[in-house]
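Participant: what's the 3D shape of this:
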Amino acid sequence: MKRYFIQKLEGLLLLGLGLMIFKLYVSGHLTKLIAPKMVPYALAALFAFLVISLLRLKKQKHGAHHCDCESSGESSSLVLKYSLFFVPILLGFILTDFTLSGEVLENRGMAKQQAQKVSSYDSGKHANEEKISVTDDNYFEVLDDLLNNLDSIEGKEIELSGFIYREDTFTKKQMAISRLSMSCCVVDATLYGYMVNGNVEGMKTNDWYTITGTLKKGSYKGEPVPVIDLKESKKIKAPEEAYLYENVQIIQ
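Facilitator: Numbers count the residues shown, from 1 in each chain. Prediction:
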């Protein structure tokens, strides 16, 4: 493999990486792979890739007497090295669904939740409400508050949305209503949720629902957690932004 060809190949690969980032950005899929706070860095990388790729593609061929001799072993090594770039570029262009599969989520399990003792909001604010409405903006604030006040949540009504998650250890009348949190990128995605008891057999895993129920103190893998007794459920479409990106009140 001639050095001149390698230079052109490197330029094309860098151009492909830049175009892949651009495609993910304009299609709205970029924040399914990285958190919004990382988007400016990705766009900076996009610009750098495009500039460097143009420089590599414009680079002139070496003189005719320059030797580019290499063994077959070196050629195989180069093919393997550059394929590591080609594969993610190809996947970035052809994939349309970037959500984590149910099998991956089941292997990870829900995060073992621990209450953050020092909070920037009023402790007990949500636990003292008669009906607690959980939104994207207050998700971790509410969860933290309930974890800090498990002894006072009995009978409180709660409404929230999420996708259905199950583990092999769950009974037929158990599930979790869950959300995924991302701090940096999809690799560190963490599953959070509330255990739900009731008539849940007809609710398909990974489908999205808005549920209403009453809270009580329960446990998940030996840890005390809020548990919901299901009263009502309504199937909904998955939101455009399926991830929660702020995780400042919960520690693992």
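
Participant: So residue 170: helix, strand or coil?
Facilitator: coil (DSSP: H, G, I helix; E, B strand; the rest coil).

Participant: Revised request: answer the last question for residue 218.
Facilitator: Residue 218 - assigned by three-state DSSP - is strand.

Participant: and it, how many neighbours?
Facilitator: Around residue 218 there are 16 other residues, counting by other CB atoms under 10 Å. In short, each C-beta sits where N, CA and C put it, glycine included.

Participant: residue contacts, it?
Facilitator: When contacts are counted by CB atoms under 8 Å, 6 or more residues apart in numbering, residue 218 touches 195, 197, 224, 225, 226, 227.

Participant: go again using 7 Å as the cut-off
Facilitator: 195, 225, 227 (CB atoms under 7 Å, 6 or more residues apart in numbering).

Participant: bridging residues for the second one?
Facilitator: Think residue 225. Judged by DSSP bridges, the bridge partners of residue 225 are residue 218.

Participant: thinking again about what came up before, please, a PyMOL command that selects the buried ones among the contacts of residue 218?
Facilitator: Buried members of these, defined by 16 or more other CB atoms under 10 Å, are picked up in PyMOL with:
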select buried, resi 195+225+227
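
Participant: Make JSON lines out of the contacts of residue 218 and add distance to residue 3.
Facilitator: As requested, these are exported to JSON lines (distance: CB to CB, whole Å):
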{"residue": "195", "distance to residue 3": "60"}
{"residue": "225", "distance to residue 3": "60"}
{"residue": "227", "distance to residue 3": "64"}
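
Participant: Give me the distance between the two termini of stretch 203-212.
Facilitator: Stretch 203-212 has an end-to-end distance of 14 Å (criterion: CA to CA, to the nearest Å).

Participant: contacting residues around that stretch?
Facilitator: 102, 157, 159-166, 175, 177, 196, 230-238.

Participant: switch to 10 Å and redo it
Facilitator: Under the contact criterion CB atoms under 10 Å, 6 or more residues apart in numbering, stretch 203-212 has outside partners 99-102, 105-106, 131, 133, 157-166, 175-178, 194, 196, 198, 200, 228, 230-239, 242.

Participant: Just to be sure, which of those are found in strands?
Facilitator: Per DSSP state E, strands hold the following members of the contacts of stretch 203-212: 131, 133, 157-165, 175-178, 194, 196, 228, 230-236.

Participant: JSON lines for the contacts of residue 218, including distance to residue 138 and pLDDT?
Facilitator: What follows is these, written out as JSON lines (distance: CB to CB, whole Å; pLDDT from 0 to 100):
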{"residue": "195", "distance to residue 138": "20", "pLDDT": "94"}
{"residue": "225", "distance to residue 138": "18", "pLDDT": "91"}
{"residue": "227", "distance to residue 138": "19", "pLDDT": "95"}
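
Participant: Nearest to residue 216 among the contacts of residue 218?
Facilitator: residue 227 (5.4 Å; CB to CB).

Participant: quick one: the residue lying closest to that closest one once chain neighbours are set aside from residue 154, how far?
Facilitator: Using CB to CB, 6 or more residues apart in numbering and skipping the chain neighbours, the partner closest in space to residue 227 is residue 218 (3.2 Å). Look at residue 218 and residue 154: by CB to CB, to the nearest Å, they are 11 Å apart.

Participant: Quick check: beta-bridge partners of the closest residue to residue 238 other than its chain neighbours?
Facilitator: Spatial nearest neighbour of residue 238, excluding adjacent residues (CB to CB, 6+ apart): residue 208 at 4.8 Å. Residue 208 has these beta-bridge partners by DSSP bridges: residue 163, residue 236.
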